[in-house]
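**Student:** Pasted the sequence and its predicted model underneath.
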Amino acid sequence: MMLARSLLTMALALGLDSFIAGLAVGTLRLSWRTRFAFAALLGVADGAATLLGAAISHALPAPPEALLYLLAAAALVLAARHSRAWLFSLPLWLSLDNLAAGAPAAEAPALALSSMALALAGLALAALGRFVATRAAARIRAA
């Protein structure tokens with residue numbers, strides 16, 4: 001039970017950047033095929049970085065470094081909103097936290113899947129927000 005809780009905590013902590021990226025990228029006009037590919041790339045990059053990080057073995061960054069990482073990740077996400085090249089390079093940049101975490105290699109599949117799932121959740125939530133905002137604006141214009 002403790003091991004599962006530890007894995008869940010790590011999956012949420014290391015997948016938070018994927019969720020944030022999904023929220024930001026989800027506001028763009030992209031096909032669901034592109035959105036799914038983006039989420040899959042995030043998962044694959046996080047899984048590969050976890051495997052590499054297990055071989056290197058580091059410690060999870062302390063909260064101040066983690067905050068700086070999240071701020072840098074947010075800046076990259078904003079840049080990706082203006083360029084497709086940045087958009088598809090995001091998974092590489094956002095996998096650096098998995099590389100530094102030094103999680104066991106056996107957890108790589110779970111961390112990859114959770115990263116992909118969190119990215120999809122962010123993409124879907126942003127798409128829903130965009131849909132609701134568009135509908136509300138149309139109603140206001142019609143009134």
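**Tutor:** Now that the structure is in, tell me what you want to look at.
**Student:** and the gap between Phe88 and Leu42?
**Tutor:** 11 Å (C-beta to C-beta, to the nearest Å). Glycine gets a C-beta too; all of them are placed from N, C-alpha and C.
**Student:** The two: which has the busier surroundings?
**Tutor:** A count of neighbours by other C-beta atoms under 10 Å puts Leu42 above the other of Phe88 and Leu42, at 31 against 14.
**Student:** Tell me which helix or strand that one sits in.
**Tutor:** Counting by DSSP states H and E, the element that carries Leu42 is helix 32-56.
**Student:** Work out the gap between that helix and the centre of the chain.
**Tutor:** 9 Å (C-alpha atoms, centre = their mean, to the nearest Å).
**Student:** contact partners of that helix?
**Tutor:** Residues external to helix 32-56 that are found in contact with it (C-beta atoms under 8 Å, 6 or more residues apart in numbering): 14-15, 18, 21-22, 25-26, 30, 87-88, 90-92, 94-105, 107-109, 111-113, 115-116, 119-120, 123, 127.
**Student:** same thing but 7 Å
**Tutor:** 14, 18, 21-22, 25, 88, 91-92, 94-96, 98-105, 107-109, 111-113, 115-116, 119-120, 123 (C-beta atoms under 7 Å, 6 or more residues apart in numbering).
**Student:** What distance do you get for the spatially closest residue to Leu94 that is not a sequence neighbour to Ser115?
**Tutor:** Spatial nearest neighbour of Leu94, chain neighbours left out: Asp17 (4.7 Å); criterion: C-beta to C-beta, 6 or more residues apart in numbering. Applying C-beta to C-beta, the value for Asp17 to Ser115 is 8 Å.
**Student:** just Leu30 next, same as before
**Tutor:** Applying C-beta to C-beta to Leu30 and Ser115 gives a distance of 18 Å.
**Student:** re the thing from before, make a ChimeraX selection of whichever of the contacts of helix 32-56 turn out to be buried.
**Tutor:** A single ChimeraX command selects the buried members of the contacts of helix 32-56 (16 or more other C-beta atoms under 10 Å):
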select :14,18,21,22,25,91,94,95,96,98,99,100,101,103,107,108,111,112,115,116,119,120,123
